[in-house]
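Peer 1: Kindly return the folded structure for what I paste below:
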Amino acid sequence: MIKNTKVNAAILIIGNEILSGRTKDTNTSTLATWLNSIGVKVEEVRIVPDVEKMIIDTLNVLRKNYDYVFTSGGIGPTHDDITAESVSKTFGLKYEIHKEAFKILEAYYKPGEFNEGRQKMVMMPENAELILNPTSGAPGFSIENVFCLPGVPSILKSMLGGLKNKIVGGEPILSQTISLRTVESEIANSLTKVQDNNKDVEIGSYPFFHAGKLGVSIVLRSENQSKIDECNLQILKFVSEKKIEIVDR
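Peer 2: This next block holds a predicted model:
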């Protein structure tokens, strides 16, 4: 494990159904939470339709700017699942049958069920490394720093464990939340001063509406728990001075 090293990532969500609103994207949250836990900070998320040129152009930007890129969606058996072929073109690689993936799915399905449509799921860039799928058989794959996962949230989540040894992160990113019965304008100046004095802690404020009342959750994020603790004390000091109520959420 690399220590004290900033490791970053981008997430690329692929699919017309996300952009149309028919399907809710939960994979960003799942991936970001998991990556944070192993010391990889997600710094950019993009959503693109099932359009080859857009996938290729976006991947070319992201893979050069980030340590890791994770894609979600477009690796199923239907005509609009074009992620694998687009990734092949991104890297200038042949798009071909992955022999190991073929064996996995041939064994997974009953005789006669591994039809032409399903065989599309073993078409990948040449020399792709497989990401095993404990839920539905069909593997994802990786090429260099790009990791391609399915769009179905439960399947994507089940595949993350198999990635742990392939991702080298920095220090895990820790977080702490303080929820207050207040509005952002009341604490903005005080929070800015605390942020200015704590450059190693990322401070975010997020309004919420709970039990019929407004509030603000302050989230502190850092690789160092002692720095979070110090920042927390400074926030609690001005909260006390302003007589702001702390609430459990």
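Peer 1: Now do the contacts for the residue positioned nearest the centre of the chain.
Peer 2: The chain has residue 31 as the residue nearest its centroid, 2.9 Å off, counting by C-alpha atoms, centre = their mean. Contact analysis of residue 31 by C-beta atoms under 8 Å, 6 or more residues apart in numbering lists 11, 42, 70, 72, 156, 160. All C-beta spots, glycine's among them, are computed from the backbone N, C-alpha and C.
Peer 1: Wasn't it part of a helix?
Peer 2: Yes. Residue state for residue 31 (DSSP: H, G, I helix; E, B strand; the rest coil) corresponds to a helix.
Peer 1: any idea how far residue 163 is from it?
Peer 2: 10 Å (C-beta to C-beta, to the nearest Å).
Peer 1: who wins for most neighbours among the contacts of residue 31?
Peer 2: residue 70 (31 neighbours; other C-beta atoms under 10 Å).
Peer 1: ok so, going back, confidence score at the residue nearest to the centre of the chain?
Peer 2: Confidence at residue 31, expressed as pLDDT, is 97.
Peer 1: helices and strands around the longest helix along the chain, which ones?
Peer 2: Longest helix in the chain, counting residues (DSSP state H): helix 225-241. With contacts taken as 3 or more C-beta pairs under 8 Å, 6 or more residues apart in numbering; DSSP states H and E, helix 225-241 sits against strand 174-181, helix 184-197, strand 213-222.
Peer 1: and these as JSON lines, adding mean pLDDT?
Peer 2: JSON lines is the format used below for those (pLDDT from 0 to 100):
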{"stretch": "strand 174-181", "mean pLDDT": "94"}
{"stretch": "helix 184-197", "mean pLDDT": "96"}
{"stretch": "strand 213-222", "mean pLDDT": "92"}
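Peer 1: now, of those, which is deepest in the fold?
Peer 2: Of all these, strand 213-222 has the most neighbours on average by mean count of other C-beta atoms under 10 Å, namely a mean of 18.
Peer 1: in this structure, which spans are helices?
Peer 2: 16-19, 27-37, 52-65, 83-91, 99-108, 116-119, 153-159, 184-197, 225-241.
Peer 1: Could you dump those into a markdown table with distance to residue 128 added?
Peer 2: Below are these laid out as a markdown table (distance: least, C-beta to C-beta, whole Å):
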| stretch | distance to residue 128 |
| --- | --- |
| helix 16-19 | 24 |
| helix 27-37 | 19 |
| helix 52-65 | 14 |
| helix 83-91 | 8 |
| helix 99-108 | 8 |
| helix 116-119 | 16 |
| helix 153-159 | 15 |
| helix 184-197 | 43 |
| helix 225-241 | 39 |
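Peer 1: and the ones you listed, which is most packed in?
Peer 2: helix 83-91 (a mean of 22).
Peer 1: hmm, who's touching that one?
Peer 2: For helix 83-91, using C-beta under 8 Å, 6+ apart, the contacting residues are 14, 52, 55-56, 59-60, 63, 71, 73-75, 94-95, 123-126, 141, 143-144, 146, 148.
Peer 1: and those residues, which are buried?
Peer 2: Buried by 16 or more other C-beta atoms under 10 Å: 14, 55-56, 59, 63, 71, 73-75, 123-125, 141, 143, 146, 148, out of the contacts of helix 83-91.
Peer 1: which of the residues you listed sit farthest apart?
Peer 2: 63 and 123 (20.6 Å; C-beta to C-beta).
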